[in-house]
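> only geometry, no sequence info:
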């Protein structure tokens with residue numbers, strides 16, 4: 001198949017995916033469509049027990065010189081609960097949902113790479129596992145894990161030695177690839193603080209213990225951590241996003257509530273900020289005579305690209321004549337980081353234009369011009385990694 005014909009094929013897939021976005025852990029139609037394409041091309045789907053999403057594999061038929069190796073590539077498949085306003089002729093037909101982060105693009109790149117690897121399996125030894133991951137966008141909590149965790153829990157990736165993942169970016173045009181070493185995203189953590197005082201009539205404040213003043217002191221203390229405690233060259237964000245206390249003008253409330261998020265690029269900063277907020281809460285409790293409950297909920301870690309594999313990825317992209325750029329720092333969350341807790345990996349961003357259309361917004365859609373090049377790169381990374389191992 002010519003490159004032009006392959007590009008057209010991938011565009012057709014991407015447009016169908018764009019038209020059929022589905023919520024996290026409800027990607028049934030998407031999963032069925034991917035499975036049908038894989039089956040039609042003779043690509044094996046591994047039994048995993050996943051409700052939605054799947055893991056396929058392509059085994060090279062070339063004889064290995066020594067031990068056989070396993071690498072993995074990943075695309076994500078869920079949409080967002082946003083009504084589409086992009087104006088494209090292949091807009092969403094699922095009312096209230098949109099592929100507003102470009103997962104339609106990401107899964108098409110992974111699918112294209114799988115097809116290329118299947119056609120070239122006589123050229124490599126080893127196995128490439130292809131992850132079509134559900135629920136990257138899910139609002140994860142203790143009872144509902146993010147999709148990467150769900151896939152890892154199946155055990156089908158336990159033998160993977162290197163992971164590669166892609167995501168589209170409206171920060172670059174088609175043909176631009178953003179590949180950098182070190183932290184590539186923010187660890188995503190939530191904190192909640194409940195302050196328990198003693199309610200009273202506002203005219204008799206001395207008979208109660210207001211939670212409002214300690215809440216203000218806590219917020220002041222939390223917002224100094226970023227400038228006073230963290231290495232100034234380390235990306236981080238500490239945000240208070242929700243405060244609540246009282247319900248009327250003449251009553252001092254019994255309780256107050258504060259919550260927010262912390263984003264960090266380095267694991268040591270994650271620990272430091274957790275400990276500082278906890279200590280400030282404990283100190284405020286003593287200073288103001290209130291009880292304070294502090295709760296911290298860990299989310300996905302920071303994506304960290306292995307330096308050696310990152311250079312390999314840059315060299316591979318350059319060998320294909322692609323434009324490679326350093327990515328901008330970001331503290332957005334990305335659950336590809338969970339795979340990197342199991343084995344080293346590289347997460348790279350693919351330019352898709354439309355920089356005037358915010359991602360996670362109702363007007364966003366990725367330009368499809370570089371789908372075949374992106375699938376080629378991802379397949380070559382997998383194939384080259386097997387040779388390198």
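Now that the structure is in, tell me what you want to look at. Fair warning: this is a prediction, and the values are worked out from it, not measured in the lab.
> which other helices and strands contact the top helix by length along the chain?
The longest helix of the chain (DSSP state H) is helix 267-288. Here helix 267-288 touches strand 187-196, helix 212-228, strand 236-245, strand 255-264, strand 291-298, going by 3 or more CB pairs under 8 Å, 6 or more residues apart in numbering; DSSP states H and E. Every residue, glycine included, has its C-beta placed from N, CA and C.
> if you set the cut-off to 6 Å instead, what comes out?
strand 187-196, helix 212-228, strand 291-298 (3 or more CB pairs under 6 Å, 6 or more residues apart in numbering; DSSP states H and E).
> Quick one: closest of these to residue 134.
Residue 134 sits nearest to strand 187-196 of all the helices and strands packed on helix 267-288, at 18.0 Å, using CB to CB.
> report the angle between the axes of that closest one and strand 236-245?
Counting by axes from the mean of the first three to the mean of the last three CA atoms, to 10 degrees, strand 187-196 points 30 degrees away from the direction of strand 236-245.
> Report the distance from strand 187-196 to the chain centre.
21 Å (CA atoms, centre = their mean, to the nearest Å).
> before we move on, back to that, just the helices and strands packed on helix 267-288: most buried one?
Comparing the helices and strands packed on helix 267-288 by mean neighbour count (mean count of other CB atoms under 10 Å), strand 187-196 ranks first with a mean of 20.
> what's the closest of the helices and strands packed on helix 267-288 to residue 362?
Residue 362 lies closest to strand 187-196 among the helices and strands packed on helix 267-288, at 23.3 Å (CB to CB).
> Within its sheet, name the partner strands of the closest one and how each one runs.
strand 255-264 (antiparallel), strand 291-298 (antiparallel) (DSSP bridges).
> I'd like the next helix or strand past that strand.
strand 200-201 (DSSP states H and E).
> Which residues does that following strand contact?
Applying CB atoms under 6 Å, 6 or more residues apart in numbering, the contact partners of strand 200-201 are 207, 208, 252.
> Could you find the closest non-adjacent residue to the second one?
In this case it means residue 208. Excluding its sequence neighbours, the residue lying closest to residue 208 (CB to CB, 6 or more residues apart in numbering) is residue 200, at 2.7 Å.
> Local confidence estimate at that neighbour?
Per-residue confidence (pLDDT) for residue 200: 96.
> Selecting buried members of the contacts of strand 200-201 in ChimeraX, what would you type?
For the buried members of these, the matching ChimeraX selection, counting by 16 or more other CB atoms under 10 Å, is:
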select :208,252
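> Quick check: the residue minimising distance to the centre of the chain vs residue 306, distance?
Using CA atoms, centre = their mean, the residue of the chain that lies closest to the mean C-alpha position is residue 334, 1.9 Å off. With the distance defined as CB to CB, to the nearest Å, residue 334 ends up 16 Å from residue 306.
> Check residue 67 and give its pLDDT.
Residue 67 is assigned 82 on the pLDDT scale.
> How many residues are close by it?
Other residues within reach of residue 67, judged by other CB atoms under 10 Å, total 8.
> So it belongs to a helix, correct?
No. Per DSSP: H, G, I helix; E, B strand; the rest coil, residue 67 lies outside any helix segment and is coil.
> show me where the stretch 51-200 of the chain has strands.
Ranges of strands in the stretch 51-200 of the chain, per DSSP state E, counting those that start in this stretch, are 54-59, 70-76, 127-133, 162-169, 176-178, 182-183, 187-196, 200-201.
> Residue 331 reaches residue 264, doesn't it?
No. Contact criterion CB atoms under 6 Å: residue 331 and residue 264 do not qualify, at 7.7 Å.
> In terms of neighbours, single out the busier of the two.
A side-by-side neighbour count of residue 331 and residue 264, using other CB under 10 Å, places residue 264 first with 26 against 18.
> Go through the strands of the stretch 51-200 of the chain and name the closest to residue 296.
With CB to CB as the criterion, residue 296 lies closest to strand 187-196 of the strands of the stretch 51-200 of the chain, at 5.1 Å.
> how distant is the strand or helix carrying residue 377 from the center of its chain?
Element membership for residue 377 (DSSP H and E) is helix 371-388. Offset of helix 371-388 from its chain centre (CA atoms, centre = their mean): 21 Å.
> cool, and stretch 160-175?
Relative to its parent chain, stretch 160-175 has a centroid offset of 11 Å by CA atoms, centre = their mean.
> which residues sit against that stretch?
Here stretch 160-175 makes contact (CB under 6 Å, 6+ apart) with 69-74, 102, 105-106, 109, 323, 336, 339, 343-355, 359, 366-367, 369-370, 381, 385, 389.
> related to what we said a few turns ago, now tabulate the strands of the stretch 51-200 of the chain in CSV and tack on distance to residue 236.
Listed next are those as CSV, based on distance: least, CB to CB, whole Å:
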stretch, distance to residue 236
strand 54-59, 34
strand 70-76, 25
strand 127-133, 27
strand 162-169, 22
strand 176-178, 21
strand 182-183, 11
strand 187-196, 10
strand 200-201, 39
